[in-house]
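J.: One predicted model, sequence on top.
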Amino acid sequence: MTGLITPELLSHIGDTGPAREEVVTRRDIRKYSIATNQRLRKFLDGDEAPPMFHVSLFWDVVELDQLSPDGVSIDTLLPKFPLEKAMAGGLKIDYFKSIFPGDVLIATRTLTDIYEKQGSKGPIIFYEVIMEVKNKVGDAVLNEKTTRLLR
Amino acid sequence: MSRLDNIKVDDALPKRAYTPDNIELFFYNAVLWNAHRIHYDYPYATEVEGYPGLVIAGPQLGDWLTQAALEWLGDDGMFCSFEYSNRKASYIGETLRSGGSVSSVNKETGEVELALFIKNEADEIVTPGTATLRFNTD
């Protein structure tokens, strides 16, 4: 460990962002399905959303001055980390309801963990964010845990 | 007899090849509103970040794993949970292959667990994953 994780950073664990509400449209489902090379007709026609459609629905729509020089959007839920090169990590998703055009979905994100590991090319900071997605009447639609890496 | 009765551990899922090009990568990042330059700015990706080419988006690979599971499941049940991690970067110009196998079957609950993968041309698993499906038991 190189001590990159300070008590101040750790104090942000538990921070929650504002709830975000989005309307699911057939057009957006179709665009996502084409972009991901889906083959099932119900997805290509936008009758139902593929399992990872919500990733596009709730990706931050940021303005140009909210992008860092590498083009990554500045996530206001996160503290400023001492490492900034973003790497993909992974997702864990539990599904409770399918998503259809016309659905109104509400997502709430919480920073749930920050930790450090030593990689072959130096230290790596990991952080985890849990996003809970519910529908308009409060039923759980899905829970997603994102793990991302910073080098 | 339901389809579940014929499913066994180690049954293989159909494989599928993907050779994403710039257009597909552009579409994917456009629908996300993802401006990360490693996905479209070749000089930046290679000279600044040191990648050998334009990087395929990590969640895009995750999505392909869900397709492997869903196309195998068909209309015979529900997609309950899914997990993946991006272990190694992949680049435009590579042909990647998705696939997987059955890792457990619970005939009582109808739950089937799958081990999923995306492999590169060197046969390395770049994105492993797991999925839990629940088959109709009627």
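T.: Now that the structure is in, tell me what you want to look at.

J.: wait, what's in contact with residue B:127?
T.: By CB atoms under 8 Å, 6 or more residues apart in numbering or on different chains, the residues touching residue B:127 are B:58, B:61-62, B:64-65, B:84-88, B:90, B:117-118. In short, each C-beta sits where N, CA and C put it, glycine included.

J.: for residue B:110, same thing?
T.: Contact partners of residue B:110, counting by CB under 8 Å, 6+ apart, are B:4, B:77, B:134-137.

J.: got a winner among these for most neighbours?
T.: residue B:135 (21 neighbours; other CB atoms under 10 Å in any protein chain shown).

J.: for the residue nearest the centre of chain B, helix, strand, or coil?
T.: Central residue of chain B (CA atoms, centre = their mean): residue B:65, 2.1 Å from the mean position. State at residue B:65, reduced to three classes by DSSP: H, G, I helix; E, B strand; the rest coil: helix.

J.: now the closest residue to chain A within chain B: how far from residue B:118?
T.: Minimum separation of chain B from chain A (CB to the nearest CB) falls at residue B:58, amounting to 2.6 Å. From residue B:58 over to residue B:118 the distance is 11 Å, taken as CB to CB, to the nearest Å.

J.: what's the answer for residue A:115, then?
T.: Applying CB to CB to residue A:115 and residue B:118 gives a distance of 26 Å.

J.: Mind checking what secondary structure residue B:121 has?
T.: coil.

J.: Which residues in stretch B:88-105 does the neighbour count mark as buried?
T.: B:89-92, B:94, B:96-100, B:102-103, B:105 (16 or more other CB atoms under 10 Å in any protein chain shown).

J.: Residues contacting the helix with the most length in chain A, please?
T.: In chain A, taking DSSP state H as the definition, the longest helix is helix A:26-35. For helix A:26-35, the surrounding residues in contact (CB under 8 Å, 6+ apart) are A:43-50, A:53, A:56-57, A:101, B:24, B:27-28, B:30-31.

J.: before we move on, back to that, quick one, which of residue A:115 and residue B:118 is more surrounded?
T.: Under the criterion of other CB under 10 Å, the comparison of residue A:115 against residue B:118 puts residue B:118 first, with 29 against 13.

J.: Which strand residues bridge that one?
T.: Beta-bridge partners for residue B:118, by DSSP bridges, are residue B:98, residue B:127.

J.: in its sheet, what does the helix or strand harbouring residue A:93 sit against?
T.: According to DSSP states H and E, residue A:93 maps onto strand A:86-95. Its sheet considered, strand A:86-95 pairs with strand A:140-150 (antiparallel), strand B:77-85 (antiparallel) by DSSP bridges.

J.: chain center to stretch B:41-48: distance?
T.: Mean-position distance between stretch B:41-48 and its chain equals 26 Å (CA atoms, centre = their mean, to the nearest Å).

J.: what's the first-to-last distance across that stretch?
T.: This stretch, stretch B:41-48, spans 10 Å end to end (CA to CA, to the nearest Å).

J.: Pull the residues that contact it.
T.: Contacts of stretch B:41-48 (CB under 8 Å, 6+ apart): A:70-71, B:37-39, B:51-55.

J.: Now with 7 Å, please.
T.: By CB atoms under 7 Å, 6 or more residues apart in numbering or on different chains, the surrounding residues in contact with stretch B:41-48 are B:37-38, B:51-55.

J.: Check stretch A:102-109 too.
T.: With CB under 7 Å, 6+ apart, stretch A:102-109 has contacts from A:16-17, A:19-24, A:57-58, A:77, A:129, A:131-136, A:141.

J.: In helices, which of these fall?
T.: residue A:57.

J.: where does chain A have low pLDDT?
T.: A:1-2, A:88 (pLDDT under 70).

J.: As a check, name the ranges of all strands in it.
T.: Along chain A, counting by DSSP state E, strands occupy A:20-23, A:86-95, A:104-119, A:122-135, A:140-150.

J.: Could you export the contacts of stretch B:41-48 as a markdown table, including pLDDT and neighbour count?
T.: Below are the contacts of stretch B:41-48 laid out as a markdown table (pLDDT from 0 to 100; neighbours: other CB atoms under 10 Å in any protein chain shown):
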| residue | pLDDT | neighbour count |
| --- | --- | --- |
| B:37 | 95 | 20 |
| B:38 | 95 | 27 |
| B:51 | 95 | 15 |
| B:52 | 96 | 11 |
| B:53 | 97 | 15 |
| B:54 | 98 | 22 |
| B:55 | 96 | 22 |
